[in-house]
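Novice: Sharing a sequence plus its predicted fold:
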Amino acid sequence: MKLQRKNLVDRLFRPNRKNIAARLGIFGLTLLPIAILAAVNYVQLYDHLTQRALDRRQAVAQLAGQMVQQHFDALIQVGRSLASRPVLIEAIEKNDWPGAIETIERTPEQFPFIKRIALNDLSGTARANFPRTTEGIGTSFAYRDWYQGVSKNWTPYVSEVFQRAVEPKTNVVGVAVPIVTLDNRNVGILLMQVELDTLLQWTSEVSVGGSGYIYVVDRKGHVMIHPEHPAGQDIVDLSSLPAVQQALESSSGVGIFSNPQENEDRLYAYWTSPQYGFSVGVQEPVRSAFATRREVLTGILFVYAIIFLLNFILAWVLWRLVRTLVTNYQQEDIYLTSIGDGVVAIDRDWNITLWNDAAAKLTGWSAEEAIGGSFREKIRFLREHDRKENIGFVEEAILFGTTKQMSNSTILLTRDEREIPVSNSAAPIFGPKGQVSGVIIIFRDDTHERDSHILRTDFAYASHQLRTPITKALWSLEAAAEGAKNGQKEKLETARIALLDVQKLSERLLEVSLIDQKTLFAKPETVSVADTVEKAVATCSSDASSRTTRVVTHFGSAAETIETDPKLLRLALEEVISNAVLYSPKNSTVDVQTAKQGNELLIEVRDTGLGIPEEQQTLVFTKFFRGENVPSDVSGVGLGLFIAREYIRLLGGRIWFVSEPGRGTTFSITIPISKTR
């Protein structure tokens, strides 16, 4: 092989040869720098524009938050000024609460955003209020967040959103200020109630741009300001939203989350007041938030595409000039880079001219020993049934100039007299004038194929073959749907869903193939039970939502963590929970319950669905089983529970069920809590 390479180099660089290396260098220097420059500029500009968009939204959130905080600061100063009036303190110390309220009755006229002022004693009991009313007087409000907050350290406190105890019962935010004497004695609490519409006015001057909006939530995630939730409605809890959860956990940040109701991703930024605990968020659809980035990058790509096209044409012309000079080298390089197969080339006199590493490994003869020698001395192909030489396919390739296949049941007799089953073909090598100048023989060791043939199931083949066309078809459908009309979109969506089902089937078949070939192994690690169960439930949330089915989890006395493979456990749970959702009636509930039983974790998935016919229950965990009572609108091929059972077995656990037709099914899974040493 080394000799052949040396001869090739000598031929390429003889004095009458043109400099092929220079031509290849021109080709690379023409296109590669442009491609690198375009990629680097694209990435840098993408990162810059992305960061600028994120920084802008973060700045808007911080500006809006600081404006709200400044208004609360000013309101607290008003409260402190009122609470420090000597006449107010003197009246309170005399227990003259009506007189005390008279000293601050003109305050709402000066500060119209203060809708109500209340005076409370140290126990949180209401003593007087303005506008004056007897409603609520004498009532203890110690349970209120504002009382618990101000009484904790006797410092001013901005409360969570709460509903007023008196009519009109609107939602308000309370600013509580302790009433302190000159000798630092606390004698009462002054509470100012601010309606939520006022907070909206505080942020109205801040512009988000595009189709974004600003919202404010209190320290529990309750709405203070939100364009979709007017202030007059009941208190709205948004603490379950990912954007609000992050805001409640950290001081500031940005991110992207999916909005399932609007079927689009949203960019959000948030800023949390370290002093008062409220969080200000800014939300905007990703498409509008990054509209500038998209326009700029599209223009950049267009310019570079034109430049690259022009240079590609130039490089192509140069490449055509040197193609003839490198053809032989490319052909030999293809031979030598054949993976796993022995490659041997001979001339018309049957002398070996090429010998790759795989051929050396299979035959036992090195390239130095084989090249230049006789093919029939180094390679002995024998028919397995009669032990006679089998070289007819090589002779026919030379004679007829066509590719010939090696006959079945051929063995290779190696240098050390070992017998290796082989297969493949001989192909002619044509000279410059079209005549056959030699043959290239390609052969491979068939031992592994023979031994493992039974393991290469149709599942793996079908799955791999389906992946590429399905993916292409999905891309095409999505592209077509963007410009389609409503009626066409429905048909395209139906086709897309059908393809997704086929894609899911191909993935299932691949999983079954891995199971059958025993190439799947558990990788134990410390796993949170609750987190794993919730992830499995979240995966099934789309199906549950479409069927208006609730999946409820109960963790009870279950172990907090176990040692197991989180991926296999999650996938098994997804199969069982998905079945429970799909086979349950609409508007029903699927219960997922965990408990500890000795050194095992018990997980039960209970539904109130179709149930499994008694005569078919023994077939539930077999491949391709589907019950006779499965509705026609529930897709599937009957592989999910088989896969779930095999995954649970890999985890050292068990799975079983109890079912009553028409009343539902309960699947039970046990997993060892700790890994067996």
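Specialist: Arrived safely, thanks for sending.

Novice: residue ranges of the strands in the stretch 101-250 of the chain, please?
Specialist: 114-120, 126-130, 157-163, 171-180, 186-195, 213-217, 223-225 (DSSP state E, counting those that start in this stretch).

Novice: mind giving me TSV with the ones you listed and columns for mean pLDDT, distance to residue 671 and mean neighbour count?
Specialist: (Each C-beta comes from the backbone N, C-alpha and C, glycine too.) Compiled in TSV, those are given as follows (pLDDT from 0 to 100; distance: least, C-beta to C-beta, whole Å; neighbours: other C-beta atoms under 10 Å):
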stretch	mean pLDDT	distance to residue 671	mean neighbour count
strand 114-120	88	54	22
strand 126-130	90	55	20
strand 157-163	91	41	21
strand 171-180	92	46	23
strand 186-195	92	53	22
strand 213-217	90	38	23
strand 223-225	88	41	25
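
Novice: can you redo those strands as CSV with distance to residue 669?
Specialist: As requested, the strands of the stretch 101-250 of the chain are exported to CSV (distance: least, C-beta to C-beta, whole Å):
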stretch, distance to residue 669
strand 114-120, 55
strand 126-130, 55
strand 157-163, 41
strand 171-180, 45
strand 186-195, 52
strand 213-217, 38
strand 223-225, 40
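
Novice: Can you say which of the ones you listed is nearest to residue 59?
Specialist: strand 213-217 (12.5 Å; C-beta to C-beta).

Novice: Quick one: closest of the strands of the stretch 101-250 of the chain to residue 417.
Specialist: The nearest among those, by C-beta to C-beta, is strand 213-217 at 81.7 Å.

Novice: Quickly find the element holding residue 36.
Specialist: In this assignment (DSSP states H and E), residue 36 forms part of helix 20-83.

Novice: The nearest residue to residue 119 once chain neighbours are set aside and residue 169, how far apart?
Specialist: In space, and not counting its chain neighbours, residue 119 is closest to residue 128: 4.6 Å by C-beta to C-beta, 6 or more residues apart in numbering. Residue 128 sits 20 Å away from residue 169, going by C-beta to C-beta, to the nearest Å.

Novice: Could I get the pLDDT score of the most far-flung residue of the chain relative to its centre?
Specialist: Taking C-alpha atoms, centre = their mean, the residue of the chain most remote from its mean C-alpha position is residue 94, at 66.0 Å. Predicted confidence (pLDDT) for residue 94: 91.

Novice: same check, this time on residue 412
Specialist: We note a pLDDT of 86 for residue 412 in this prediction.

Novice: now swap in residue 9 and tell me
Specialist: 45.

Novice: Then residue 492?
Specialist: Confidence for residue 492, expressed as pLDDT, is 63.

Novice: all numbers from here: first residue = 262
Specialist: Let's use 262 as the start, then, which means that last one is residue 753.

Novice: ranges for the strands of the stretch 562-711 of the chain?
Specialist: For the stretch 562-711 of the chain, the strands defined by DSSP E, counting those that start in this stretch cover 603-608, 613-616, 641-644, 665-666, 671-674, 680-691, 697-706.

Novice: Point out where the stretch 712-861 of the chain drops to low pLDDT.
Specialist: With pLDDT under 70 as the threshold, the stretch 712-861 of the chain has low-confidence stretches at 712-771, 777-778, 818-820.

Novice: ok, back up a step: measure the residue farthest from the centre of the chain to residue 348 for me?
Specialist: 11 Å.

Novice: For residue 329, which residues are in contact?
Specialist: Contacts for residue 329 (C-beta atoms under 8 Å, 6 or more residues apart in numbering) come out as 460, 463-464, 477, 534, 539, 541.

Novice: the helices in the stretch 712-861 of the chain, which residues?
Specialist: Counting by DSSP state H, counting those that start in this stretch, the stretch 712-861 of the chain has helices at residues 719-743, 747-777, 790-800, 802-807, 827-843.

Novice: that older thread, roughly how far apart are the residue farthest from the centre of the chain and residue 349?
Specialist: In terms of C-beta to C-beta, residue 355 sits 11 Å off from residue 349.

Novice: Low-confidence ranges, the stretch 462-611 of the chain, go.
Specialist: In the stretch 462-611 of the chain (pLDDT under 70), the answer is 471, 493, 520-523, 579-601.

Novice: One more: the stretch 262-411 of the chain?
Specialist: For the stretch 262-411 of the chain, applying pLDDT under 70 flags the ranges 262-289, 368-371.

Novice: and if we set it to 90?
Specialist: Scanning the stretch 262-411 of the chain with the threshold set as pLDDT under 90 gives 262-319, 321-322, 339, 342-343, 359-360, 362-378, 390-399.

Novice: Can you report how many residues neighbour residue 365?
Specialist: Neighbours of residue 365 under the rule other C-beta atoms under 10 Å: 22.

Novice: List the contacts of the closest residue to it other than its chain neighbours.
Specialist: Spatially, and ignoring its direct neighbours in sequence, residue 365 is nearest to residue 343 (5.0 Å; C-beta to C-beta, 6+ apart). With contact taken as C-beta under 8 Å, 6+ apart, residue 343 is in contact with 349, 365, 368, 378, 438, 451.

Novice: how near is residue 343 to residue 542?
Specialist: For residue 343 relative to residue 542 (C-beta to C-beta), the value is 32 Å.

Novice: Check residue 917 too.
Specialist: Separation of residue 917 from residue 542 (C-beta to C-beta): 47 Å.

Novice: The two: who's more crowded?
Specialist: Neighbour count, other C-beta under 10 Å: between residue 917 and residue 542, residue 542 has more, with 26 against 12.

Novice: okay, the angle between the helix or strand where the more buried one lies and helix 281-344?
Specialist: Secondary-structure assignment from DSSP H and E places residue 542 in strand 540-546. Strand 540-546 and helix 281-344 are oriented at 140 degrees to each other (axes from the mean of the first three to the mean of the last three C-alpha atoms, to 10 degrees).

Novice: And for strand 540-546, what's in contact with it?
Specialist: The contact list for strand 540-546 (C-beta under 8 Å, 6+ apart) reads 318, 321-323, 325-326, 329, 464, 469-478, 480, 504-505, 508-509, 523, 525-534.

Novice: same thing with stretch 492-504?
Specialist: Here stretch 492-504 makes contact (C-beta under 8 Å, 6+ apart) with 422-424, 431-432, 456-458, 461, 478, 481-484, 486-487, 490, 505-506, 509, 516, 518, 527, 529, 531, 542, 544.

Novice: Buried residues, that stretch. List them.
Specialist: Buried residues in stretch 492-504, defined by neighbour count with 16 or more other C-beta atoms under 10 Å: 492, 496-497, 499, 502, 504.

Novice: Same question for stretch 852-871.
Specialist: Applying a neighbour-count criterion of 16+ other C-beta under 10 Å, one finds 852-855, 857, 861-871 buried in stretch 852-871.

Novice: So which of those belong to strands?
Specialist: With DSSP state E as the criterion, strands contain 852-855, 857, 861-867 from among those.

Novice: Check the gap between residue 682 and residue 637 for me.
Specialist: 20 Å.

Novice: Equivalent analysis for residue 679, please.
Specialist: With C-beta to C-beta as the criterion, residue 679 and residue 637 are 18 Å apart.

Novice: residues near residue 907, how many?
Specialist: Residues near residue 907, counting by other C-beta under 10 Å, number 20.
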